[in-house]
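Colleague: have a look at this prediction, sequence included:
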Amino acid sequence: MCAQPTAILFDLDGTLVDSLPCLLRSFRHAFETLGLPPPADAEVRAHVSLPLEHRFARFAPGHVAPLCAAYRDYYPRVFARESAIFPGVDKLLAGLRRRGYRLGIATTKRTPWAKRFVEALGLAPHVDCVQGTDDFPHKPAPDVLWRALAALDCEGQWMVGDTASDVLAGQAAGLKTYAVCWDGQVSDDLAAAAPDELAPNLERLADLLA
């Protein structure tokens, strides 16, 4: 049990939730809706940590607004059935809260979307705060982490994520960083970010806090 409340922050997509297939499908759908050739999944995946507008701007800068509209029409209709929390995540979060930690989600999604997503997948009872990126700098800037910590009203200890942006944001916020690679593939930029811990799942996190 923590002597004083201490916060652990988590990224959402790719960290707590296996949502990549749904994100890629929704991205392709937006291009197909506008009659545009979609980029390869591998190209989209390389930029999945960016805000939606930034992702579309990389591939179709003249069509960002309609692509975003098509994506945002489709994604809410499919995310709950095409995404799932990673194995053991709910048990881990419940265990950390029993030990006295305050848990927050700090995501590039906008806050209303993030809260809807978290609730639909049954994660809401396991976290104390869901903070999205709303008209302020996105990760790797630490702004979303600072806002989550302010909402939790306690000192932060770890930032847990799956991308270099998560690690760099955590470092900028003065937190220890835990990078998870559920598929076992460590990208060059994630390795270069030098997280304090790099693991194929989240099991090691509980041990580090023991």
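Modeller: Perfect, thanks for sending it.
Colleague: ok, residues contacting stretch 86-95?
Modeller: For stretch 86-95, the external contacting residues (C-beta atoms under 8 Å, 6 or more residues apart in numbering) are 15-18, 103, 122-123, 126-127, 182, 201-203, 205-206. Where C-beta positions appear, they are placed from N, C-alpha and C, glycine not excepted.
Colleague: can you flag the buried ones in these?
Modeller: 15, 16, 17, 18, 103, 123, 126, 127, 182, 202, 205 (16 or more other C-beta atoms under 10 Å).
Colleague: could those residues go into a markdown table alongside distance to residue 138?
Modeller: Shown next, in a markdown table, are those (distance: C-beta to C-beta, whole Å):
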| residue | distance to residue 138 |
| --- | --- |
| 15 | 15 |
| 16 | 18 |
| 17 | 18 |
| 18 | 22 |
| 103 | 21 |
| 123 | 21 |
| 126 | 24 |
| 127 | 20 |
| 182 | 22 |
| 202 | 23 |
| 205 | 24 |
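Colleague: ok, so of those residues, who is nearest residue 193?
Modeller: Set against residue 193, the nearest of the buried ones among the contacts of stretch 86-95 by C-beta to C-beta is residue 15 (14.4 Å).
Colleague: and the closest one, how far from residue 30?
Modeller: With distances taken as C-beta to C-beta, to the nearest Å, residue 15 is found 24 Å from residue 30.
Colleague: do residue 23 as well
Modeller: Using C-beta to C-beta, residue 23 is found at 11 Å from residue 30.
Colleague: more crowded one of these two?
Modeller: The neighbour count for residue 23 versus residue 30, taken as other C-beta atoms under 10 Å, is higher for residue 30 (25 against 22).
Colleague: check which helix or strand the more buried one maps to.
Modeller: Using DSSP states H and E, residue 30 maps to helix 20-33.
Colleague: repeat for residue 8
Modeller: Following DSSP H and E, one finds residue 8 within strand 6-10.
Colleague: keeping just the C-alphas, turn that strand into PDB.
Modeller: Extracted in PDB, the C-alpha atoms of strand 6-10 (Å, rounded to 0.1, in the frame of the first residue of the first chain):
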ATOM      1  CA  THR A   6       0.800   8.000  -5.900                       C
ATOM      2  CA  ALA A   7      -0.300   8.100  -9.600                       C
ATOM      3  CA  ILE A   8       0.400   5.700 -12.400                       C
ATOM      4  CA  LEU A   9      -0.500   7.000 -15.900                       C
ATOM      5  CA  PHE A  10      -1.300   4.800 -18.800                       C
END
